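Chemist: Next comes the sequence, and after it the predicted model I'd like to discuss.
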Amino acid sequence: MFRLRRFLKDYKLQLTIGPVCKLIEAIFELLIPLITADIIDNGVKNSDISYVLQKGGLMVLLGALGLGFALVCQKSASIASQGFGTKVRNAMFRHINTLSHNELDKLGTPSLITRMTNDINRLQLAVAMLIRLVIRAPFLVIGALIMAMTIDLKLSLIFFAAALLIAVILFVVMTRSVPFYKAMQKKMDTVSLISRENLSGNRVIRAFGRQKSDTERFQASNEELTEIAVKAGRLSALLNPMTYVVAQAAIIAVVWFGGGLVFSGELKTGQIIALVNYMTQILLAMIVVSNLVVIFTNASASASRVNEVFDTLPSVQEGEGIVPEIAEHTPCIAFDKVSFSYSGSGHALKDISFTLERGQTMGIIGGTGSGKSTLVSLIPRFYDATQGRVLVDGADVKQYKMADLRHKIGIVPQKAELFSGTIKDNMRWGKRDASDAEIEKALKIAQAYEFVAKLPEKTERYISPGGKNLSGGQRQRLTIARALVGQPEILILDDSASALDFATDAALRKALYEETQGMTVIMVSQRVGTVRYADKILVLDGGEIAGIGTHNELFHHCEVYKEICLSQLKAEEVENP
Amino acid sequence: MKRTKTNNKHTIRRILKYAARYKGSLAMAMIFAVLYVVLTLAAPVLIGQAIDRIIDKGKVDFPAIANLLLMTGVTVLGCAVFQWLMGLFVNAVSYLTVRDIRDELFEKFNTVPLKTIDGHPHGDLISRMINDTDNIGTGLLQGITQLFSGIVMIVCTLGFMIMLNVFIALVVVVITPLSMFVAAFITRLSQKQFREQSKTQGEISSYIEEYVGQQKLVKAFGYEDKAQEGFEEINECLRVSGQKSQFYSSLANPSTRFVNGLVTTAVCITGAVSVINGHLTVGQISAFITYANQYTKPFNEVTGVIPQLQSALAGADRVFELLDTPDQKPDAENAAPLAVCKGKIDIEHISFSYSPDKPLITDFALHVKAGSRIAIVGPTGCGKTTFINLLMRFYDVTGGDIRVDGQSIYTMPRDELRSLYGMVLQDSWLYNATVRENIAYGKPDATLDEVKAAAKRAFIHRFIERMPNGYDTMITEEGANLSQGQRQLMCIARVMLCDPPMLILDEATSSIDTRTELKIQEAFNNMMQGRTSFIVAHRLSTIKEADVILVMKDGHIIEQGSHSELMAQNGFYHNLYNSQFAAT
């Protein structure tokens, strides 16, 4: 938990002023009873009304000052705790941005959402409490201990024993309940996961009429969450009563042994009363502390979950940065004996080698799960090759600065996903300062201009999260346009025309061909029609290359390719374009 | 302002209604609170009496002290036990209440019209499920504890004071609510900020959901810095509203303490003056001040938990807002399932739009013979998916009627209607469970052999066998490590297992290679022999074989007929078909 204190370093001022002000307020509060006593002892005794009023005025003044100090403390607490939370969230988001997909798959989005909201909220609360209460309570305890020692050393031993015992209780309960709180947050992740799944799969769930069993699944994990919460609560509920018992036992001991000392004349009755009062003061402070302990145990469980994210290091590391010198015959993209496997499973790609010249178009075709998407995702370094090298402009992709590499590449993923915002906002992903004309051109190539122009708001049309207010085909065209806006050197289309009808698909390919001269294009597709005119076609089968060549070469020499062709086209269509 | 207040009252009442389900536990908590507070007040009295027996050197009444201390010990133990028990019950009530609210919220996800789910950022809905309910829980826990012990404390001290002097007791009682007014005023001031905070929290969740969920894109476009910028902007809003709400509401406690301090001072001064004028004794006034302090303390403690209560209220508002979203129209009372589904579908002049100002489908009519295979083609956005939404009753038509075997689908229970169709969508949805559970989603009691048979027919069996744990392999978050095509195959296996009387395939094979697709087509053909099916697809191999091809444009059917008929018409379809051969 203490590792997170680095996020507090800008709030040293608040962290100092806050507790000090709280302390001053506490001291003022302790003065009030003394003044009251004074009014009665001196004012009333001497029937001095002006003295009474004077002291009364002092009480009001102290009260007002106390209020002022309390406000300063609260203000400091709110600034520091919210600022702290904001910084942690920002840092966490930044860190998540550096992680590669391997790590994100492992952590999971729902869990990241809970960590960034719920867990950090708990930490914020802990910081606020730290400022408000952490100095005050020990101050009162230590003050009371010292006062007890000045009265009677022997009896103060009881105090020390009690304080020690209470500390042990706090420690035991705290360490015991941390695992519960951790488990609780983890269950919270599950609750979040199921909610998320239900929302994204709502249609399917209704289609299969599984609402009931899905609800039951949720209820089961919600029940588990509740059970753990109740168990954790059961432990925490012990704190106050146990502290109370120890403190009261100490008081009883003080009275009993104190009685003995009075009997032998070593102590006065008034001193016993004072000791009892000090012990009561300690008890009150300790009750505050035990509430704090609950908050802090909670926070420490959350802190370890937050730290877990910070401790996750990206498996894809930033390169040193390189500006490759491009010789005339340097291929734009080259794979050199590349193999790849997702963690914990067999080879997804095995010994892939090919080169692609600048300005050429390559088609990749192959069966479901043959590794097509995996292959293209190695180029922008979504994953690093397990073996072999992936080269762009003659340099290993690992040498590039990530941003430089990805800037060269325009990618259209298989799943057509957009972000909430206007169409224009989405188009500017490819190029931050793209002009309207550039956007228009990209939309035209992507065959999206027509439908966008029909919208009343044109490119200012707001796209709701997940692009749910657009049809699948519309989304897909926009994702293609998005990749084109930046006029990338390399364009990767990962089966991104699957939701387009044939006419649109053909028009798209024609426009791409005409408008993107000089762009190196990789097209992953299931359709022979899409790839047949490519300069080079790569046929994948079970993660291995089954053939490379042009349509005609492959059709005659590559069995897999021939089969694919014949499954889609009639023999004469294959032969005569 | 006034509205806010009544809203708060309303919200509190509603939360309490949930808590009231645990009347027994609440009553126990209340009883233990009374016992605990009474004993807490009694312990110092006993100690005081014991000290009274210690008079001076040689004058200590040990047997009496031992007796009293023993009583104190028992009291203390009893007090601790009662406090503990109170804690247990309050804990249980709070967590169970939150559980109930969460369950109800989740159920709501499944009963609202699909429109609500489609039109709402999921991250925000998740934040309501996680964070807002969590705030309700914390508020309840703190609120009930403080409220119960506070009330008992107030009643007890009030009793003591009245026994002492009725008049001054009345003065204190009349003056103390002043602090409550101050607290209420501050609370009202900050409630807006709490709402804002809760809302922004929802926004942040949506943002994370969107940007973390689609990290690959963010990376592909080197958009990390922009994404960070956007995040920091919302985060800053959260900081501002968070800081304001926290600060304003934490004012309540010091302010009430200040007001109570003024009350004490006033009592002290008037008391002192009364004593000087001979209306009171010194002993009375000192006892009085002690009790006045005692009396105001619970008020201070209650105001101490105001921030938690307020964020609970803000959270509850958002939760209830969702719970108050009208459910989809319940199934008609006389709704009856079809006895046997033959698969004749009549669509009678239906009209539909997602928003009233933009009609999408108008006067659409179609009659489908039982057992025919219907393919739907048309440019993007022409209403293909919408049509399927209407067939499945994900959305209700705004006019006209849809009938299956002559019976209106609006007179059938929704679940029954939907079970008539097997549906595979382009966006293949898998959930966090084993492969087997995913495939058996529509028929949970299917045997492993049945599941395997379905997987074989969907040509995914061999792949599954190769997975680390075969059919027991857990599918991670929405099928992360499966290719798009493999996910589609699993969804197809899911439908194959159900063996539905009718079929809807909306771009169901778009990511599957064509060789596999052909085989799957064949499997579907065998399975669907004589059953009605609707197919939305772009691939002509899929479309060509259909009995009827509907060509849709702008929500209308512009052409209709078999492949050869449409080709002969030389119209839209003809062009579409030939476009695939256009050379590039």
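Modeler: Yep, it's here.

Chemist: Next, the buried residues of stretch A:177-194.
Modeler: A:177-178, A:180-194 (16 or more other C-beta atoms under 10 Å in any protein chain shown). From N, CA and C alone the C-beta is placed, and that goes for glycine too.

Chemist: now stretch B:264-281
Modeler: Of the residues in stretch B:264-281, those buried by neighbour count under the rule 16+ other C-beta under 10 Å are B:264-276, B:280.

Chemist: residue ranges of the strands in chain B, please?
Modeler: B:54-56, B:59-60, B:345-352, B:361-368, B:373-377, B:399-404, B:407-408, B:421-425, B:502-506, B:533-536, B:548-553, B:556-561 (DSSP state E).

Chemist: what's the helix or strand for the one residue in the stretch 101-250 of chain A that gets nearest to chain B?
Modeler: Per C-beta to the nearest C-beta, residue A:237 is where the stretch 101-250 of chain A lies closest to chain B, at 3.1 Å. For residue A:237, the enclosing helix or strand under DSSP states H and E is helix A:211-263.

Chemist: just residue A:537 next, same as before
Modeler: Per DSSP H and E: strand A:536-541 holds residue A:537.

Chemist: I'd like to know which elements that strand is packed against.
Modeler: strand A:347-356, strand A:361-366, strand A:544-549, helix A:551-557, helix A:559-568 (3 or more C-beta pairs under 8 Å, 6 or more residues apart in numbering or on different chains; DSSP states H and E).

Chemist: still on that earlier bit, which ones among the buried residues of stretch A:177-194 also lie next to chain B?
Modeler: Counting by C-beta under 8 Å from any C-beta of the partner chain, A:188, A:191, A:192, A:193, A:194 from those sit close to chain B.

Chemist: isn't the first one right up against residue A:228?
Modeler: No. Under the criterion of C-beta atoms under 8 Å, residue A:188 makes no contact with residue A:228, lying 9.6 Å away.

Chemist: tell me the domain boundaries of chain B?
Modeler: Domain assignment for chain B by automatic domain parsing gives B:2-7+B:18-323, B:345-579.

Chemist: do stretch B:142-161 and chain A meet?
Modeler: No. Using C-beta under 8 Å from any C-beta, stretch B:142-161 stays clear of chain A, coming no nearer than 9.5 Å.

Chemist: Can you give the distance of that stretch from its chain's centre?
Modeler: Relative to its chain's centre, stretch B:142-161 lies at 34 Å (C-alpha atoms, centre = their mean, to the nearest Å).

Chemist: now swap in stretch A:228-247 and tell me
Modeler: Worked out by C-alpha atoms, centre = their mean, stretch A:228-247 lies 32 Å from the chain centre.

Chemist: for the record, mean pLDDT for it?
Modeler: Averaged across stretch A:228-247, the pLDDT comes to 90.

Chemist: contacts for it?
Modeler: With C-beta atoms under 8 Å, 6 or more residues apart in numbering or on different chains as the test, stretch A:228-247 has contacts from A:162, A:165-166, A:169-170, A:173, A:176-177, A:180-181, A:183-184, A:187, A:279-280, A:282-283, A:286-287, A:290-291, A:293-294, A:297, B:76-77, B:79-81, B:83-84, B:87-88, B:91-92, B:94-95, B:137, B:141.

Chemist: hey, C-alpha coordinates of that stretch in PDB?
Modeler: Below are the C-alpha coordinates for stretch A:228-247, written out as PDB (Å, rounded to 0.1, in the frame of the first residue of the first chain):
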ATOM      1  CA  ILE A 228     -17.500 -12.900   1.600                       C
ATOM      2  CA  ALA A 229     -18.600  -9.300   2.500                       C
ATOM      3  CA  VAL A 230     -20.600 -10.600   5.400                       C
ATOM      4  CA  LYS A 231     -17.700 -12.700   6.600                       C
ATOM      5  CA  ALA A 232     -15.300  -9.800   6.300                       C
ATOM      6  CA  GLY A 233     -17.900  -7.700   8.100                       C
ATOM      7  CA  ARG A 234     -18.100 -10.300  10.900                       C
ATOM      8  CA  LEU A 235     -14.400  -9.900  11.600                       C
ATOM      9  CA  SER A 236     -14.500  -6.100  11.500                       C
ATOM     10  CA  ALA A 237     -17.500  -6.100  13.800                       C
ATOM     11  CA  LEU A 238     -15.200  -7.700  16.500                       C
ATOM     12  CA  LEU A 239     -12.900  -4.700  16.500                       C
ATOM     13  CA  ASN A 240     -14.900  -2.200  18.500                       C
ATOM     14  CA  PRO A 241     -16.200  -4.600  21.200                       C
ATOM     15  CA  MET A 242     -12.800  -6.100  21.800                       C
ATOM     16  CA  THR A 243     -11.100  -2.700  22.100                       C
ATOM     17  CA  TYR A 244     -13.900  -1.700  24.400                       C
ATOM     18  CA  VAL A 245     -13.400  -4.700  26.600                       C
ATOM     19  CA  VAL A 246      -9.700  -4.200  26.900                       C
ATOM     20  CA  ALA A 247     -10.000  -0.500  27.700                       C
END
